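# Please find the sequence and the predicted model below.
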Amino acid sequence: MLRGGCLCGGCRFEYTGEVGPANYCHCTDCRRSTGSAFNVGVRLRREHFLMVAGSPHTFTKAGDSGAALSRHFCPTCGSPLFTSSPRHPDWVYAKAGVLDDPLVVSPTHESWASSETPWARIPSGIARYGKNAGGVTTHGRTTDGEVVGPAGLEPATRPL
Ligand SMILES: [Zn+2]
Ligand SMILES: [Zn+2]
């Protein structure tokens with residue numbers, strides 16, 4: 001049994017089928033909808049995929065092929081959960097990061113490498129911290145002991 005769900009716990013799913021292949025996708029739609037460098041999707045059989053809590057909201061947009069692609073996400077916390085397409089009605093494509101056990105995923109290839117950002121690959125030489133980076137914010141500035149807010153909160157050009 002594979003289980004997964006969103007950040008707030010309101011949306012939960014269970015899956016009893018075979019875990020299909022996974023891939024990285026660098027397309028601009030995946031980048032925007034995940035808010036990250038790329039999406040990691042894992043193919044699951046729809047007939048074995050069951051939402052056991054919550055009702056994801058859905059946003060549908062045509063993909064590059066022109067076929068509709070629906071992205072399903074938690075209406076409360078916004079976590080992307082899975083993608084579906086009428087073109088492939090037997091499958092859903094779960095976001096690998098929402099699985100309770102992400103170790104079951106082993107991506108086999110990358111798609112849309114033509115749209116990859118230079119920062120999609122983590123340089124091997126940069127500093128690594130086991131938890132939060134000590135003394136450095138996620139925006140790369142030292143705090144010198146004081147709390148530094150997110151960049152957008154300082155000289156904001158318009159209200160958030
Ligand atoms: Zn949620
Ligand atoms: Zn994509």
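Yes, it's here. Ligands and ions are numbered 1, 2, ... in the order given.

# ok now do the residue nearest the centre of the chain, which residues does it touch?
Nearest residue to the geometric centre of the chain (CA atoms, centre = their mean): Thr34, 4.5 Å. Listed by CB atoms under 8 Å, 6 or more residues apart in numbering, the contact set of Thr34 reads 80, 95. Every C-beta, even on glycine, is put in place using the N, C-alpha and C of the backbone.

# Dihedrals phi and psi, it?
phi -90, psi -20 (degrees, to the nearest 10).

# what do you get for Leu69?
Per degrees, to the nearest 10, the backbone of Leu69 is at phi -130, psi 120.

# So which residues on this protein come close to ligand 1?
6, 8, 10, 74, 76-77 (CB under 5 Å from the ion).

# again, only using 6 Å
6-8, 10-11, 74, 76-77, 79 (CB under 6 Å from the ion).

# Now the buried members of the residues you listed.
Taking 16 or more other CB atoms under 10 Å as the criterion, what is buried in the residues of the chain next to ligand 1 is 6, 10-11, 74, 79.

# related to what we said a few turns ago, redo the residues of the chain next to ligand 1 as a markdown table? Include pLDDT.
Shown next, in a markdown table, are these (pLDDT from 0 to 100):
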| residue | pLDDT |
| --- | --- |
| Cys6 | 98 |
| Leu7 | 98 |
| Cys8 | 98 |
| Gly10 | 98 |
| Cys11 | 98 |
| Cys74 | 98 |
| Thr76 | 98 |
| Cys77 | 98 |
| Ser79 | 98 |
